[in-house]
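Colleague: 3D model of this:
(one chain, ligands or ions: 2)
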Amino acid sequence: MGTTYLKRGKPTAERAEDDAKVRATVEVTLKDIEARGDAAVRELSEKFDNFSPPSFRLTQSEIDAAMSKVSDRDMADIDFAQTQIRRFAEAQRASLRDIEVETLPGVILGHRNIPVQSVGCYVPGGKFPMVASAHMSVLTAAVAGVPRIVAAAPPQKGEPHPAIVAAMHRAGAHEIYVLGGMQAVGAMALGTETITPVDMLVGPGNAFVAEAKRQLFGRVGIDLFAGPTETMVIADETVDAEMCATDLLGQAEHGYNSPAVLVTNSEILGRQTLAEIARILAILPTAETASVSWRDYGEVIVCDTYQDMLDVANDIASEHVQVMTDRDDWFLEHMHSYGALFLGPRTNVANGDKVIGTNHTLPTRKAGRYTGGLWVGKFLKTHSYQRVLTDEAAASIGAYCSRLCLLEGFVGHAEQANLRVRRYGGRSIGYGEPA
Ligand SMILES: NC(=O)c1ccc[n+]([C@@H]2O[C@H](COP(=O)([O-])OP(=O)(O)OC[C@H]3O[C@@H](n4cnc5c(N)ncnc54)[C@H](O)[C@@H]3O)[C@@H](O)[C@H]2O)c1
Ligand SMILES: [Zn+2]
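Modeller: Ligands and ions are numbered 1, 2, ... in the order given. As a prediction, this is how the structure comes out:
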C-alpha cells in the first residue's frame, strides 16, 4: 500500500498493556458485585462517584423534581432530537418483517421478531453528561417494544443530572438508577437484592464499562463493544485543514484515549491539518483531554491513491468515518468496515452524536468488522418456527430426515422421522432402518 505516516499514535504493545489492566480490574469488581450485591455496588459508588443515597433508584417524585429543573429550551431541544431518532428507528423497524413461506408443498417456515424482554441501558456521564445516549438506547428499545427498560447514569456532583433523567423518562425508561461505571452495568446484569437482573445490556461507556459488558456477555446479551470514541476523517483537497482539524479534535475531546485519524491523499492538507490542530488546541477549552488523545492516539496518514485511502480506512475500521472528497459515493459503495459514515462536508460526527437521528452507539476497537451500531434490530430476536400441513409432506420430508439422521448415526432422531413416515405415509419402517 502506498502510505506514509506524518504522525503515528502509541504502539500497539502499549495499548495492549492498558487493556490488560482494565481487564483485571473489571474481573475482580464483577466477582465482588456477584458475591456481595448491593453492599458492593454501594461501596463502588462511594469510591468512584462519592455518592451513597438511600436508594439508587429514582422515585416518580424525584424524576419529576429533576425534570422541573430542565429549562423549556433544553426540553424542546431534547424533544427535537428524540423526534429525529424515533423517526429513523421506526423506519428501520418497519424494514424488518416477520415472514412465513411455503418452501415445499405443505412445508411452512417462518420467523418472528420478538423484543428482548428486559434491557439495561447505560448512559455515560463521567466526563460529560451524555444526555444523547438516553435517546439512543432507551428510545430505540421503546420503538422495538421492549417491555422493561432500565436506565442508569452516574451522578453529577452528587445528584442525578436533570437533563439525563428527563431524556430517559421522555424516551420511555421504566426504572431509572443513578449509578455509574462497572457498578451500574454489573448490578443491572447480575442483579442485586434491590435490582432485578436484565436480559441484555446496551449503551456506550469508558474502557471499564465496555470491558464489563464484554465480560458479562453470555450471562446477558450485549449490543456491541462500544468503548472510547474513535474518529476518522477521509479527506482530499476539496476541504481545508480547518475543517479536518476541527472534526478530528471535536471527537478527541471525549477522553484521554480517543483515536482521531486523518486519511488523505494530500501531503499539504496533512501538514496544514497538523498545524491547525496545534492552533486549535491552544484555544480549545477541552484541550486538556483532547491534546492527550491527539498526542497518544492521533494519526495522519498520507496515501498515494483513493484506493489506498479506502484500504487503510477499511483496515482501521474506525467507529466514525467522515468522508469529504470528490467521490463520497464511491467510498459509501466500497467501505465495508466502520461504525457509521458521515458523507460530505455539510454533516459531521457531532450531528450523529446528538441530533440527526442515526444512532450514536457504535462499534469501536475494530468491532465494525463484524457489527454495525446499536439500532432497533439489536433489541429484536429473530425466532424461526415451522409447520408441516399435509400427510404427503410429512412422509416425504420424513424419509429424507430418516436417512440423514442415520448418516450421522442418530438412531433416536431417525425414529422421530420414521414414526411420521409410518403414521402419515403408511409405510412400515423398522427401528433404525433408513426410510
Ligand atoms: N462507542 C460509542 O458508541 C460511544 C458513544 C458515546 C461515548 N462513548 C465513550 O463513552 C465514554 C464515556 O466515558 P466517561 O468516563 O466519561 O463516562 P462513563 O459513564 O463511561 O464512566 C464514568 C464512571 O466510571 C467510574 N469510574 C471513575 N473512575 C474510575 C476508575 N478509576 N476505575 C473504574 N471506574 C471508574 C465512575 O463510577 C464513573 O461514574 C467515553 O470514552 C466516550 O468516548 C462511546
Ligand atoms: Zn462524540
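Colleague: where does the residue nearest to Gly172 when sequence neighbours are not counted fall, phi/psi-wise?
Modeller: Leaving aside its sequence neighbours, Gly172 sits nearest to Ala142 (C-beta to C-beta, 6 or more residues apart in numbering; 3.6 Å). Where you see a C-beta, it was placed from the backbone N, CA and C, and this is true even at glycine. Backbone torsions for Ala142, taken as degrees, to the nearest 10, come to phi -60, psi -40.
Colleague: my read: Ala40 touches Ile33, true?
Modeller: Yes. Between Ala40 and Ile33 there is a contact under C-beta atoms under 8 Å: 4.8 Å.
Colleague: The residue of the chain found nearest ligand 2: what's it in contact with?
Modeller: In the chain, the residue found nearest to ligand 2 is Asp353; the distance is 4.2 Å by C-beta to the ion. Counting by C-beta atoms under 8 Å, 6 or more residues apart in numbering, Asp353 makes contact with 132, 360.
Colleague: Tell me the predicted confidence for Glu14.
Modeller: For Glu14, the model assigns a pLDDT of 80.
Colleague: neighbours around it, how many?
Modeller: Close neighbours of Glu14, defined as other C-beta atoms under 10 Å, add up to 11.
Colleague: try Glu288
Modeller: So Glu288, with other C-beta under 10 Å, has 11 neighbours.
Colleague: still on that earlier bit, does the residue nearest to Gly172 touch Ile149 like I think?
Modeller: Yes. Using C-beta under 8 Å, Ala142 is in contact with Ile149, at 6.4 Å.
Colleague: Of those two, which one has the most company?
Modeller: Ile149 (27 against 22).
Colleague: near ligand 1, anything from the helix or strand containing the residue of the chain closest to ligand 2?
Modeller: Secondary structure assignment for Asp353, by DSSP states H and E: helix 349-354. No. Helix 349-354 lies out of reach of ligand 1 by C-beta under 6 Å from any ligand atom, never closer than 7.0 Å.
Colleague: how far out from the middle of the chain is that helix?
Modeller: 15 Å (C-alpha atoms, centre = their mean, to the nearest Å).
Colleague: With stretch 260-269 instead?
Modeller: 28 Å.
Colleague: give the contact list for the residue nearest to Gly172.
Modeller: Neighbouring residues of Ala142 by C-beta under 8 Å, 6+ apart: 149, 171-172.
Colleague: Now the phi/psi pair for Phe251, please.
Modeller: One correction, residue 251 is Gln, not Phe. phi -100, psi -20.
Colleague: show me what contacts the residue of the chain at minimum distance from ligand 1?
Modeller: As assessed by C-beta to the nearest ligand atom, ligand 1 sits closest to Gly180 within the chain, at 2.3 Å. With contact taken as C-beta under 8 Å, 6+ apart, Gly180 is in contact with 45, 48-49, 125-126, 152-155.
Colleague: rewinding a little: ok, Ala40 and Ile33, which is more surrounded?
Modeller: Using other C-beta under 10 Å as the criterion, Ala40 and Ile33 rank with Ile33 on top: 24 against 21.
Colleague: what's the strand or helix carrying Val233 packed up against?
Modeller: In the assignment (DSSP H and E), Val233 maps to strand 231-235. On a contact count with 3 or more C-beta pairs under 8 Å, 6 or more residues apart in numbering; DSSP states H and E, strand 231-235 meets helix 241-252, strand 260-264, helix 306-316, strand 320-324.
Colleague: anything in contact with each of Ala142 and Ile149?
Modeller: Residues touching both Ala142 and Ile149 (C-beta under 8 Å, 6+ apart): Gly172.
Colleague: For Leu389, which residues are in contact?
Modeller: Taking C-beta under 8 Å, 6+ apart as the contact definition, Leu389 lies against 106-108.
Colleague: Looking at those residues, which is nearest Ala66?
Modeller: Ranked by distance to Ala66 (C-beta to C-beta), the contacts of Leu389 are led by Ile108 at 50.9 Å.
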